[in-house]
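>>> Just a sequence and a predicted model for now, questions to come.
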Amino acid sequence: MYDFPHGLEELEGIANRTDFDLGSHSKNQKDFNIKAKVQENKNSTTKLAIQDLENNEWFIPYVIEPSAGVERGVLAILNEAYTSEEENKRTLLKLKPHLSPIKAAVIPLKRNNSDLVNTANNVKSELQSLGLGRVMVENTGNIGKNYRRHDEIGTPLCVTIDFETLENQTVTVRDRDTMKQEKVSLSEIANYYSQYFK
């Protein structure tokens, strides 16, 4: 059971089907002490029973049927991850990094600067080639709005390509949950990214 904002709902049902399922499909039904009410099955060619070797008796086992819906499970995960921070005036989706649909956004500081954009595309390709999930280039200009957009969709890391990247080969990595920013060497960004998702 899960307590959604709209009320308590079942995430997974567990049904005890007793010996009905296997008893219904077993041959020689009269040879067994089937507890459930089953229709006679003269067409079955299989004895769906287990033998107790100690006392040489056959019995039809009970079936336990778990049933979980994907939609409700995903809704529960989204509900847990949805966060509204009044102090930072932001809404974010604090998904576990391995569940985030986009693992990192690479953001050139100026969208019309070809050196920044080319470097961003190279970093994106390098990170994407590690096979840890989707990496995208976010080339829409406003860095603050880009950060907020990726907070809302649950992207755990933003990698900013700025003029310092061109001068001293460093990028700024921003963490979604803490908003902490740190400088990472361009040559170390793939290792940093890999370690983050371990």
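That came through, no problem.
>>> okay, CA-based contacts and neighbour counts for the rest of this
Fine.
>>> Next, report how far the one helix or strand residue 84 maps to is displaced from the centre of its chain.
Element membership for residue 84 (DSSP states H and E) is strand 82-85. Between the centre of strand 82-85 and the centre of its chain there are 19 Å (CA atoms, centre = their mean, to the nearest Å).
>>> ok, now stretch 151-163?
19 Å.
>>> what does stretch 103-114 give?
26 Å.
>>> What is the longest helix along the chain packed up against?
Assignment by DSSP state H gives helix 114-128 as the longest helix of the chain. Packed against helix 114-128, as judged by 3 or more CA pairs under 8 Å, 6 or more residues apart in numbering; DSSP states H and E, are the following elements: strand 102-108, strand 134-137, strand 157-161, helix 163-168, helix 189-196.
>>> Any chance of JSON lines for these, columns distance to residue 33?
Converted to JSON lines, those look like this (distance: least, CA to CA, whole Å):
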{"stretch": "strand 102-108", "distance to residue 33": "56"}
{"stretch": "strand 134-137", "distance to residue 33": "56"}
{"stretch": "strand 157-161", "distance to residue 33": "61"}
{"stretch": "helix 163-168", "distance to residue 33": "77"}
{"stretch": "helix 189-196", "distance to residue 33": "58"}
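>>> Which of the ones you listed sits closest to residue 15?
strand 102-108 (36.9 Å; CA to CA).
>>> List every C-alpha atom in the closest one, with coordinates, as CSV.
The C-alpha trace of strand 102-108 is given here as CSV (Å, rounded to 0.1, in the frame of the first residue of the first chain):
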residue,chain,number,x,y,z
ILE,A,102,18.6,12.6,-18.5
LYS,A,103,21.8,12.0,-16.6
ALA,A,104,23.6,15.3,-17.4
ALA,A,105,23.0,18.5,-19.3
VAL,A,106,26.0,20.2,-20.9
ILE,A,107,25.3,23.9,-21.1
PRO,A,108,27.4,26.4,-23.1
